[in-house]
Structures are given as structure tokens and as C-alpha cells.
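**Q** please find the sequence and the predicted model below.
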Number of protein chains: 2
Amino acid sequence: MQAQPSGTGSHLSHLYCPKSGERYDADRIQQLSRIGAPLLAAYDLASLARSWRPADLAGREPTLWRYRELLPVRDPAHVVSLGEGFTPLLPLPRLGRELGIGGLWMKDEGIVPTGSFKARGAAVGVSRARELGVTRLAMPTNGNAGAAWALYAARAGIRATIVMPKDAPAITRQEIAICGADLYLVEGLISDAGRIVAQAVAEGGLYDASTLKEPYRIEGKKTMGLELAEQCGWRLPDVILYPTGGGVGLIGLHKAFKELRELGWIDPSRPLPRLVAVQASGCAPIVRAWEARATVSEFWPDSRTVAFGINVPKALGDFLVLEALYESEGCAVAVDDDDLLAAQRRAAECEGAFVCPEGAALFAAARELRRNGWIRGGERVVALNTGAGIKYPDTFRADPPLLQPGDRLPL
Amino acid sequence: MQAQPSGTGSHLSHLYCPKSGERYDADRIQQLSRIGAPLLAAYDLASLARSWRPADLAGREPTLWRYRELLPVRDPAHVVSLGEGFTPLLPLPRLGRELGIGGLWMKDEGIVPTGSFKARGAAVGVSRARELGVTRLAMPTNGNAGAAWALYAARAGIRATIVMPKDAPAITRQEIAICGADLYLVEGLISDAGRIVAQAVAEGGLYDASTLKEPYRIEGKKTMGLELAEQCGWRLPDVILYPTGGGVGLIGLHKAFKELRELGWIDPSRPLPRLVAVQASGCAPIVRAWEARATVSEFWPDSRTVAFGINVPKALGDFLVLEALYESEGCAVAVDDDDLLAAQRRAAECEGAFVCPEGAALFAAARELRRNGWIRGGERVVALNTGAGIKYPDTFRADPPLLQPGDRLPL
């Protein structure tokens, strides 16, 4: 199973089960491991370390495909791109002062196709699915992932079937339906949607694109970490806050940093960034597990939060999220909806950033972690805003006065 | 008035009235010229041509600020950025085949802060306003420009007053209100909003940020042309389609190409791209003027279209738009709402691109122009999609079936 450098230069070597260590062939369609765990992609990092240097990135296009050696797609002809990635890393000086964090930054994942970081997973996941011959896929979603996968699948010529809670953000329905995907709503949560998809997969032979049931979405999310490292000049920040539902992005960040360390692109003597899983008080299974130093989470009954993307009562990859928190000496924090909505407003007022409610939760969490000293003075802190506020029109109510033509402004 | 290279390297020299030719000092606040025309920014291109090369762009950040020598902001400390620009230029092979245009590309301006190309004008306009000492601004808007200016103004610490038609896209209300701007709706069109703002400006001493009433928004829009040229390897496409309301982007594209020609960065022996102003049949003053070979447009009464951003019955810069069409040997085309909505759907189905209705109008226009031979076989055609479809939830109605937990998919 030695990796052959290929058209893209991908050094993908094999897949493996992180629970059993068992290896799987990466060049055929795979879903979960034999024991029901997510499969992870491995690369021939030793070989890559000899041939690939940060300077090789100069002049490459500002998308996530600039890291193609560390991505699973082998043939450039299979890359399905809408121009995703290389999102800005923005200083937030005024909000930072308010929170007592001088070195506060935001990586803004609202500035990607579909307005959500889910585009990264979809771009890489759909590209690799096409490369492996997939023609039909299905998945449950809280909205944004389904929208991204439906649109990228349309561009790839793959037929998509998407099931989502009827309370998911309304705009994602339009995104999914307008590109011709088969969309179903369910009177329930993403876990209900997941059971419906699982049955259809078992009966209909569809490719299961559910979170972590295919191995490549995480590789797309991983590129957030690669970009962040490059944007920081290969000197990583001290703390990264991430809104945690399924947790794929957090697992991906940690995987990215470990791969960069193996490549020798970041200093192995420095600790990796402390990862913070931020959840809503109304759905905080990872926080509860982390507080108990558990290795898996428990299903969170009657979960609810306005931050719809992190309303995930039990994540398939919970053990990987918790492992990343323990390994990085990070933590997990829950914030109330009222606090995250107030933080959403302050980010807009102070910085002109209209972030999604999931992203806003990070600033509420940062305030708390600075107050209790977990974030120390002078530390460099990056909040990973996972999407654009414009996808959530109901989280802020505007009530402007109505004028008639010829009226004056009350200045 | 010789330009002094400065902190940013800006070679801004002066402002001038394109009607009278009169010069104005660029380093104080200016609005319209003495005869009521928009002022345009001029640069010391002769000096810049000697010192600046395309190779100098290598390694610069992928935002519009990479062209800072051709932008008006002199001090980097005044740059107000949310990471805007360097949007992807995407091939549209399947949609292109359907339209008979093999070389069809889309520059996707949905992938910027606020999800609309208005962010470019706001970033440069607000930055320069801050540099010149503006503390309060006001403007009328059809929604997206107001949202962009409000958010960038918040980041700059400038207070913004925005007036918009009550029928403008609802999400833009939230964008404007959440960042603390003063927002008013008006029972009417953008022209009614404009009159209210004009009175407030006259009485209250506010900076008037209305389209083309300040000179720098167009400089931000111009960067679409600079990027396009760089992304095409300094060999411009044959045709560029642009959805035309106020028309600032079209004027900016043309200005960009002429400046690049003077710098010697593009081949002066090749014709400039033929610019196409695309309007809606329900509001087509530029099309009517172009058909009459007129130099100005007439107010279009009772204008209406689902493509709200191009519902502009009379543009202040109409004479500049028409001049750009004549100079570039372009044309103007009107499309029906039904056709643009159908094109919006086809773009999503074929390419996974959920474009705004204004952007969709371009594909309807391209179909017509190819059919009547104005676009010739083998030409390279770029559609400039001005925003993300997600900002217009009402232009497509999704009506998915509702399942109960435990239901099966009808596969």
C-alpha cells in the first residue's frame, strides 16, 4: 500500500480505523470500519516530507486545493471546485479589547461557496466520491452540510438525496432544491433524519455521505488548519475555538497540525494549539463528557439551541473530538443562547462581522475563558467562525421605522 | 498635483469631472463636481508604469488590496478590510455547452463579505472616507450596498444612516441593523430613498455615500477588472456580461482595463472586452438609451423586477455606462424575469452555482446573444455574478415532502 505520487501529487496512502488500527484500501469506496468506527485517511508523510516544502505553495491558487499533496484526490480532472478555501484571517482588535484578549483573530468561513464551512468537506468529499465512481449519494443534515453537498454533487453530476429537520434554516432548503437534489424534511432532529438515511442506504445501495460515514469530508475540513498554519507563517496560535456539533472540523484541525508536525513544517518543540469545543447549553454532550474526562459522550435528550448547526445530541466522532481536546490540552465550554446572541451583535457592532450564531458562541466562550483565566493574557486566540450570519435571518430582529416618499429623516 | 508614493504605494494623483475635465484635490472630502457630475480618481500612471510590474503581485494577499498602488488609500492604517476580493473565476462547462458558449466562465462575487460585490465598493469607499476624516455617512440603497457600507462603517468606527425601499431583500435589513447603523425603510423606490438622503445630507452635513456621489466606491469595483485580468494571465476575455443597475461595476471594469493598458500590463493592440449591460425588461433605461445610441438614459417609470439590485430607474452615472458600452463596442440587453429565474435554476442544476437573480440574468442574456450571433463561437465570455443566491430566499420556492421519524424514503 505504498502511495504513488499522482496527477495531483496526492500522497494518500491508505485508510485506517482509529479504534482497531486496521487498514483499508483507499482506492475503493469505503464507509465505516468493520467495527462501526469512522475511517481516517493516511498519507505517506515520510516521502512527502522529503519532496514538499512550504515554498512550493508560492504562486498556487488561493483555494484549499493548494494543499493537494495532503488531499485524497489523485486526478485533477476529478476536482469539483467552486473556488472554496483560503478564507481570511481577520484581526478583531475592538472586540478583543472588550474581551480582554489583545490577540483575537477570526478565520471567517462565511466567505466560501454556500456561505458555510461545510463547503470544504463537500468539495473534497464529492471530488473523491466522483473519483471512486459514486453516482448517487444520500445524507442527513442540519442544513448547511446538505446544501453544500447538494450543490457540489450537482456540479459533479452526482445525484443527491438529502433529509433534514423541518426546523433547519429555511434558506438551506432552497439551496438543496434549486440544484435538483431530492430533498425531504423530517418532523424531528438530525438523528431522526440519520435513521431514515441509514435505512435508505441499506436498502438502496446509495453512497452514505453522513458525517464521518465516508472518510473524506474530514480531509476537506482539515484544510482550515493547513491554511491557518500558512497564514500564521507556520507558527500556530495558542488557542483555537471551534463550535462543535458533529465535531469534524475540530478533528480535522488537530489532524492537520499533527500532519504538519510530521512534515516538519511546524516546530515540534512547541505545543499544538489548545482546541476548545464550544457548545450550546441546550446541547452540550461533549462538554459533559469532557468534564467527566470520559472518552465518549452520551446522547443529549431534548436538545435545543438557536445555533442550529451545533444541535447534535450525539456525534459519531465524539471519541475523536474528546481525544483531540485531551491531546491538545484544550477544553469544552457551553454557552447560553442569550449570551451567544448578544455576542453576535457585539461582533457586528465592533468589527462589522455578521457571523452565524455558531460562530458567535465562540466569542461568548472566549469571554468566559478569559475571565476564568484559562485563556491567559497575551495569548493568540483564533475563533473559527463557521458561516455567514445571512443564512440565519431569524436570529436578529430588525424593526426599522417606515417613511413615506418626501419624509425627512429625524436627525 | 503630482502624486507622492506613500505608505500603501497609492499613486492617486487627483480627482476630475468627466464632463468638464476640471481637476479636484483628492486629499479632501469631495462629493459631486461643480456641475453635478460624479468625480473620478486619477493616478500617476506614467510614474507607476516605471516602478510596478505584474511580478510584484506575487506573494501578496489574495484580496483586492493587492492592487494598492491603483487604489486611493494612502496609509495602510486606514485600510478597513473584512478579507474582500480575489473571488474565484470558475469555468462553467456544462452550462456553457447548453448555451453554445464553450468558453463560459463566471467570476463569483457571492464569495465576499456580505455575500455581494457591494463589499468591494464599501471596503475602498469606507477606508478612504476614514482616511479623509469622515465620522458620519448616509446613503440610499436597494439593500446590498447599504448592508456592505453599514458593516464596513461599523468596523471603521463611522456612524452610518441608511434608507432603503421596504421591498428590498429582507436579509439586508438585519445586516444593517445588527451592526448598529441607523436604518429607515421607505414606501417607494431607491429614488425615493435617494431624495430623503439628499435632504438629510444638505441639512445635516453628513458625508453622502450614495452611488457615484463619492469618488471611491468605483475604485473598489474596479478591482474586479484588475483581478479578472490577473486571473486570465493579463489576456482579457472577449466579452464580459454585467447586471446593470447603477452601473458602477461596469464603469469600474472599463476604467480598470484602460488603466492596465496605460501601465502596459495588457496588450494595447488587442481590443478591450466588449462589455454587456444586462437589465431586466421591467427596468431597462440603459438598454433603451443604447438602442437609441443616446448618451444619457431617461427615467424608467413604474420599474419592477425580481432582480432587485438592478431596479434602478435612472442612474447618475448612466452617461459613463453608455460611454463604456460604445467605447468597448459592447451592447445592452434586457431579459424577462421568467427567463432569468429559469436561468438561475439551470446554473444551480448544471454547475452547483446558486447565483443571485441579477447574476442569473447574465446567463439568460448570454443565451440570447449567442443565438443572435453577437457572441461568436469560440469567444471567451465571463459572467460577473454580483452576489450569492442565499440573499434572495424568495426567488425560488422549495416544497419538499415532510416525513415523520421512522418513515422510509420513497426510493
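**A** All right, it came through fine.
**Q** quick one: secondary structure of the residue nearest the centre of chain A?
**A** What sits nearest the mean C-alpha location of chain A, by CA atoms, centre = their mean, is residue A:249, with 3.5 Å. Secondary structure state of residue A:249, per DSSP: H, G, I helix; E, B strand; the rest coil, is helix.
**Q** quick one, what contacts it?
**A** With contacts defined as CB atoms under 8 Å, 6 or more residues apart in numbering or on different chains, residue A:249 is in contact with A:117, A:221, A:224, A:242, A:384, A:386. (C-beta placed from N, C-alpha, C; glycine too.)
**Q** and what of residue A:343?
**A** Contacts of residue A:343 by CB under 8 Å, 6+ apart are A:360, A:361, A:362, A:363, A:364, A:367.
**Q** for the stretch 151-300 of chain A, what spans make up the strands?
**A** Taking DSSP state E, counting those that start in this stretch as the criterion, the stretch 151-300 of chain A carries its strands at A:159-165, A:182-186, A:207-208, A:239-243, A:274-280.
**Q** can you pull the residues of the stretch 1-150 of chain A lying near chain B?
**A** By CB under 8 Å from any CB of the partner chain, the residues of the stretch 1-150 of chain A that approach chain B are A:58-59, A:62-63, A:80-83, A:86-90, A:94, A:108, A:110-115, A:138, A:150.
**Q** kindly write the ChimeraX command that selects the buried subset of these.
**A** To isolate the buried ones among these in ChimeraX, judged by 16 or more other CB atoms under 10 Å in any protein chain shown, type:
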select /A:62,63,80,81,82,83,86,87,88,89,90,94,108,110,111,112,113,114,115,138,150
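**Q** can I see the domain layout of chain A?
**A** Domain segmentation of chain A under automatic domain parsing yields A:12-78, A:89-115+A:218-390, A:118-208.
**Q** rewinding a little: chain B versus the residue nearest to the centre of chain A, what's the distance?
**A** Noted for residue A:249: a distance of 19 Å to chain B, by CB to the nearest CB, to the nearest Å.
**Q** same question for residue A:181.
**A** 9 Å.
**Q** pretty sure that residue contacts residue A:156?
**A** No: the pair residue A:181 / residue A:156 is not scored as a contact, 11.9 Å apart, by CB atoms under 8 Å.
**Q** what sits against the residue lying closest to residue A:178 once chain neighbours are set aside?
**A** Distance criterion CB to CB, 6 or more residues apart in numbering or on different chains; nearest residue to residue A:178, sequence neighbours excluded, is residue B:348 at 4.3 Å. With contact set as CB under 8 Å, 6+ apart, residue B:348 has these partners: A:151, A:154, A:178, A:179, A:180, B:354, B:355, B:389.
**Q** residue B:348 in helix, strand or coil?
**A** With three-state DSSP as the criterion, residue B:348 reads helix.
**Q** ChimeraX command for the buried members of the contacts of residue A:249?
**A** Selection of buried members from these for ChimeraX, criterion 16+ other CB under 10 Å:
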select /A:117,221,224,242,384,386
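**Q** quick check: bridge partners of residue A:12?
**A** As for beta bridges, residue A:12 partners with residue A:43 under DSSP bridges.
**Q** all helices for chain A, in order.
**A** A:45-51, A:93-99, A:118-131, A:144-156, A:170-178, A:190-204, A:217-231, A:248-263, A:285-291, A:318-327, A:337-351, A:357-371 (DSSP state H).
**Q** which of the residues in the second one are buried?
**A** Judged by neighbour count (16+ other CB under 10 Å), helix A:93-99 contains these buried residues: A:94, A:95, A:96, A:99.
**Q** so which of those residues is the closest to chain B?
**A** Proximity of the buried residues of helix A:93-99 to chain B (CB to the nearest CB) peaks at residue A:94, which lies at 7.9 Å.
**Q** before we move on, the earlier item: could you export the domains of chain A as JSON lines, including mean pLDDT?
**A** Below are these laid out as JSON lines (pLDDT from 0 to 100):
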{"stretch": "domain A:12-78", "mean pLDDT": "97"}
{"stretch": "domain A:89-115+A:218-390", "mean pLDDT": "97"}
{"stretch": "domain A:118-208", "mean pLDDT": "96"}
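**Q** need the winner for burial among these.
**A** The highest average neighbour count among those, using mean count of other CB atoms under 10 Å in any protein chain shown, belongs to domain A:118-208 at a mean of 24.
**Q** would you mind measuring the gap between the ends of stretch A:130-137?
**A** Using CA to CA, to the nearest Å, one end of stretch A:130-137 lies 10 Å from the other.
**Q** rewinding a little: could you dump the contacts of residue B:348 to CSV with distance to residue B:268?
**A** Shown next, in CSV, are these (distance: CB to CB, whole Å):
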residue, distance to residue B:268
A:151, 41
A:154, 41
A:178, 43
A:179, 42
A:180, 45
B:354, 39
B:355, 33
B:389, 38
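**Q** residue contacts, residue A:114?
**A** Neighbouring residues of residue A:114 by CB under 8 Å, 6+ apart: A:122, A:144, A:147, A:148, A:151, A:175, B:354, B:390.
**Q** which one is the first one nearest to, not counting chain neighbours?
**A** By that I understand residue A:122. According to CB to CB, 6+ apart, the nearest residue to residue A:122 is residue A:148 (3.7 Å).
**Q** from the chain's centroid, how far away is stretch A:284-296?
**A** Put simply, stretch A:284-296 sits 20 Å off its chain's centre (CA atoms, centre = their mean, to the nearest Å).
**Q** now do the same end-to-end measure for that stretch.
**A** Stretch A:284-296 has an end-to-end distance of 13 Å (CA to CA).
**Q** give me the spatial nearest neighbour of residue A:130, chain neighbours excluded.
**A** Counting by CB to CB, 6+ apart, the residue nearest residue A:130 is residue A:156, at 4.7 Å.
**Q** return the distance of the one you found relative to residue A:127.
**A** 7 Å (CB to CB, to the nearest Å).
**Q** with residue A:247 instead?
**A** From residue A:247 over to residue A:127 (counting by CB to CB), the distance is 22 Å.
**Q** ok so, going back, I figured the residue nearest to residue A:122 hits residue A:115, correct?
**A** No: in this structure residue A:148 lies outside contact range of residue A:115 using CB under 8 Å: 9.4 Å.
**Q** show me what contacts residue A:102?
**A** Counted by CB under 8 Å, 6+ apart, residue A:102 has contacts A:96, A:377, A:378.
**Q** how about those residues in TSV, adding distance to residue B:233?
**A** Shown next, in TSV, are the contacts of residue A:102 (distance: CB to CB, whole Å):
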residue	distance to residue B:233
A:96	40
A:377	48
A:378	45
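**Q** what is the nearest of the residues you listed to residue B:214?
**A** residue A:96 (30.3 Å; CB to CB).
**Q** what sits against that closest one?
**A** Contact analysis of residue A:96 by CB under 8 Å, 6+ apart lists A:102, A:103, A:104.
**Q** and if we set it to 10 Å?
**A** A:102, A:103, A:104, A:105, A:106, A:350, A:351, A:363, A:366, A:370, A:381 (CB atoms under 10 Å, 6 or more residues apart in numbering or on different chains).
**Q** from those residues, which two are the most distant?
**A** Maximum pairwise distance in the contacts of residue A:96, criterion CB to CB, is 16.9 Å, between A:351 and A:370.
**Q** confirm for me that residue A:187 is in contact with residue A:167.
**A** Yes: Residue A:187 is in contact with residue A:167 according to CB atoms under 10 Å; the separation is 9.1 Å.
**Q** who touches both of residue A:148 and residue A:115?
**A** In contact with both residue A:148 and residue A:115: A:172, A:175, using CB under 10 Å, 6+ apart.
**Q** a markdown table for the strands of the stretch 151-300 of chain A, including distance to residue B:335?
**A** Output for the strands of the stretch 151-300 of chain A, formatted as a markdown table (distance: least, CB to CB, whole Å):
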| stretch | distance to residue B:335 |
| --- | --- |
| strand A:159-165 | 29 |
| strand A:182-186 | 28 |
| strand A:207-208 | 38 |
| strand A:239-243 | 41 |
| strand A:274-280 | 45 |
